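> Need coordinates for the below:
(chains A and B)
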Amino acid sequence: EAQVTQNPRYLITVTGKKLTVTCSQNMNHEYMSWYRQDPGLGLRQIYYSMNVEVTDKGDVPEGYKVSRKEKRNFPLILESPSPNQTSLYFCASRRGNEQFFGPGTRLTVL
Amino acid sequence: AQSVTQLGSHVSVSEGALVLLRCNYSSSVPPYLFWYVQYPNQGLQLLLKYTSAATLVKGINGFEAEFKKSETSFHLTKPSAHMSDAAEYFCAVSEGTSYGKLTFGQGTILTVHP
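Numbering: from 1, shown residues only, chains lettered A, B, ... in the order given. Next up is the predicted model:
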């Protein structure tokens, strides 16, 4: 089944404790991206990647890092999480003009 | 720069009534437009898309949207609401090319009453 998977689905952590949210797609898509969803703000792009080893900032990149060492994986790294990064995070991969979204990761930073 | 405005963060309708969710966009070049639906505790699913072909676009689950350039609008409609349509709906725009960056609206939560 073609899909985008994310792990973990739910995470509660404390300020300053580094964490990684994994994202993997099995559709051989070149373009992948990360979004955060906050009430009343819709989805905002954090980072995107056009291909392996090619990444760029989206609209809200501060406090986040990404890497793209292989086509299928695009992890999101929070080196020192803060409470304002409490949000719902979505990974997506893209084929043409259609994006395929993962199920989301709900992150709470205390 | 591109932007999307969804009018009304919450819309409530009765089952069987018309659903109308409003979306206005801003784009300096011909846009590609999308509607996504998000059911509770799920990711986003593409409902329909406009990519410069027919201005009236039909999507899944009986939804359709009409691209009106003169009004810079892409409103989503469904003639008869069903309880299963209750979800959050997002309008999105991609400027210039279908491969371009997607910018999302704020979202509209649709509630359907029996």
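
> where along chain A do the strands fall?
For chain A, the strands defined by DSSP state E occupy A:4-7, A:10-13, A:19-25, A:31-38, A:42-51, A:54-57, A:65-66, A:76-78, A:87-95, A:98-101, A:105-109.

> The worst-scoring helix or strand of chain B on mean pLDDT: partners in the sheet, and parallel or antiparallel?
Within chain B, no helix or strand scores below strand B:102-104, which has a mean of 88 by mean pLDDT, DSSP states H and E. The pairing partners recorded for strand B:102-104 under DSSP bridges are strand B:87-95 (antiparallel).

> Can you give the distance from the least confident helix or strand of chain B to the centre of its chain?
Counting by CA atoms, centre = their mean, to the nearest Å, strand B:102-104 is centred 12 Å from the centre of its parent chain.

> Pull out the buried positions in whichever helix or strand comes after that strand.
The first helix or strand that comes after strand B:102-104 along the chain, using DSSP states H and E, is strand B:108-113. Of all the residues in strand B:108-113, those buried under the rule 16 or more other CB atoms under 10 Å in any protein chain shown are B:108-110, B:112. Placement of C-beta: from N, CA and C, glycine included.

> residues contacting residue B:101?
A:45, A:48, A:58, B:2, B:94-95 (CB atoms under 8 Å, 6 or more residues apart in numbering or on different chains).

> between those residues, which has the most around it?
Highest neighbour count within the contacts of residue B:101: residue A:48, with 23 neighbours (other CB atoms under 10 Å in any protein chain shown).

> Specify the beta-bridge partners of that one.
residue A:33, residue A:56.

> In CSV: the contacts of residue B:101, plus distance to residue A:65 and pLDDT.
Listed next are the contacts of residue B:101 as CSV, based on distance: CB to CB, whole Å; pLDDT from 0 to 100:
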residue, distance to residue A:65, pLDDT
A:45, 15, 93
A:48, 13, 93
A:58, 13, 91
B:2, 26, 83
B:94, 25, 83
B:95, 27, 70
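
> these two touch, right, residue B:46 and residue B:36?
Yes. Contact status for residue B:46 versus residue B:36: in contact at 5.8 Å, counting by CB atoms under 8 Å.
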